[in-house]
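In: The following comprises the amino acid sequence and a computationally predicted model.
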Amino acid sequence: MAFLRIVARLDVKGSNLIKGVHLEGLRVIGDPNEFAKKYYAEGIDEIIYMDTVASLYGRNNLTDVIRRTAKDVYVPITVGGGIRSVADAQDILRSGADKVAINTAATVNPELLREVAQRFGAQCLVLSIEAKQQNDGTWEAYSNNGREHTGLDVVEWAKQGTALGAGEILLTSVDREGTRKGFDLELLKSVSDAVSVPVIASGGMGSMDHFAEAVHNGGVDAIAMADILHYNRMPLSEIRKSAAEMNMNVRTL
């Protein structure tokens, strides 16, 4: 049985690690590379870098950050934001990333997922979905860091994206992101039940109860967290220890 992964999510704007609420109102936290090294030293399983403005400018600016991080950090690194082509994905992977996460470009050209998967393998491709709940209770996928409607139903998009070759899904609830109110469990379960690839929960963790709920009720394979780590609300060692005490299959250090 695979370990439940504990993942640090680092949203980056320019050269700064930032954090917001609902992917808005971004506050500068510090140097992303220093935070990545800190989390690695504390035993994080994976790191996700998301360039929050890359899609606006049509490019990813994280190659220098990735190169620096890859020199000091020896856990899988996923990078998303502004990846619009196979060549863009290749640049990110050559910089030291292990996986690329694609959202905006895939909502416009779904075949990009197939092209990247065929070139680099499904294990290198993460479909990033930014979900907002609609009045009828369903969820719509948004693009451009939660700014733009796509008209895509999240569950159907998850199924299509994995059929095209995505080997994993990063599922972010924009409604819960940065709120510390817990994950959208219905969203997590709906997507986890619909696909056969691992799902990473993102958006809303404020306590270990939220962590446990996402695993037991949401059915996810990994938990991505930002606020709780960046603001030192709970040490990573305590998160891992608590998860183990809750009989969750986390890696022991």
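Out: Arrived safely, thanks for sending. What you see is a predicted model, and the numbers here were worked out from it, not measured in a lab.

In: any idea how far Y39 is from the closest residue to V12 other than its chain neighbours?
Out: Leaving aside its sequence neighbours, V12 sits nearest to P32 (C-beta to C-beta, 6 or more residues apart in numbering; 5.1 Å). C-beta: built from backbone N, CA, C; applies to glycine. To Y39, P32 is 11 Å away according to C-beta to C-beta, to the nearest Å.

In: Quick check: N103 touching L125?
Out: No. Contact status for N103 versus L125: not in contact, 12.0 Å apart, counting by C-beta atoms under 8 Å.

In: So for these two, which sits in the more crowded spot?
Out: Taking other C-beta atoms under 10 Å, N103 and L125 do not tie; L125 has more neighbours (31 against 27).

In: what residues are up against the more buried one?
Out: Neighbouring residues of L125 by C-beta atoms under 8 Å, 6 or more residues apart in numbering: K99, V100, I102, L113, V116, A117, G165, A166, G167, E168.

In: Do you know the pLDDT at the third one?
Out: I take that to be I102. You'll see I102 listed with a pLDDT of 97.

In: go on, the last one?
Out: Each residue has a pLDDT score; the one for E168 is 98.

In: Show me what it is bridged to.
Out: The partner list for E168 in beta bridges (DSSP bridges) reads V126.

In: Over to the second one?
Out: With DSSP bridges as the criterion, the beta-bridge partners of V100 are V79, L125.

In: low-confidence ranges in the chain?
Out: 1, 24-25, 54-60 (pLDDT under 70).

In: For it, which segments are assigned as strands?
Out: Using DSSP state E, the strands assigned to the chain run over residues 5-13, 16-21, 24-30, 46-51, 77-80, 99-102, 125-133, 139-143, 148-153, 168-173, 199-202, 222-225.

In: how about the helices in the stretch 51-200 of the chain?
Out: Taking DSSP state H, counting those that start in this stretch to define them, one finds helices in the stretch 51-200 of the chain at 54-57, 63-72, 86-94, 104-108, 111-120, 154-163, 185-194.

In: Can you check which of the ones you listed gets nearest to R5?
Out: helix 185-194 (14.3 Å; C-beta to C-beta).

In: Which other helices and strands does the closest one contact?
Out: strand 125-133, helix 154-163, strand 168-173, strand 199-202, helix 208-216 (3 or more C-beta pairs under 8 Å, 6 or more residues apart in numbering; DSSP states H and E).

In: ok, how many other residues are close to the closest residue to T179 other than its chain neighbours?
Out: Nearest non-adjacent residue to T179, counting by C-beta to C-beta, 6+ apart: G204, 5.8 Å away. Residues lying near G204 (other C-beta under 10 Å) number 24.

In: Ok, K189 next?
Out: 16.

In: Next: Y142.
Out: 23.

In: I'd say it and S128 touch.
Out: No. Counting by C-beta under 8 Å, Y142 does not reach S128; the two are 10.7 Å apart.

In: quick one: N33 from L164, how far?
Out: Computed as C-beta to C-beta, the N33 to L164 distance reads 33 Å.

In: make that A194, sorry
Out: 14 Å.

In: Looking at those two, which has the bigger crowd around it?
Out: Neighbour tally, A194 and L164, criterion other C-beta under 10 Å: the higher count belongs to L164, 20 against 16.

In: Dihedrals phi and psi, that one?
Out: Per-residue torsions, L164: phi -80, psi -10 (degrees, to the nearest 10).

In: Please give me every residue in contact with it.
Out: By C-beta under 8 Å, 6+ apart, the neighbours of L164 are P110, E111, L113, R114, A117.

In: try it again with 10 Å
Out: 106, 110-118, 122, 125, 127 (C-beta atoms under 10 Å, 6 or more residues apart in numbering).

In: L187 now?
Out: 129, 131-133, 138-139, 154-155, 171-173, 175-176, 201, 203, 218.

In: repeat that with 8 Å
Out: For L187, the contact set (C-beta under 8 Å, 6+ apart) comprises A131, Q133, W139, V154, L171, S173, G218.

In: Fine by me, we can end here.
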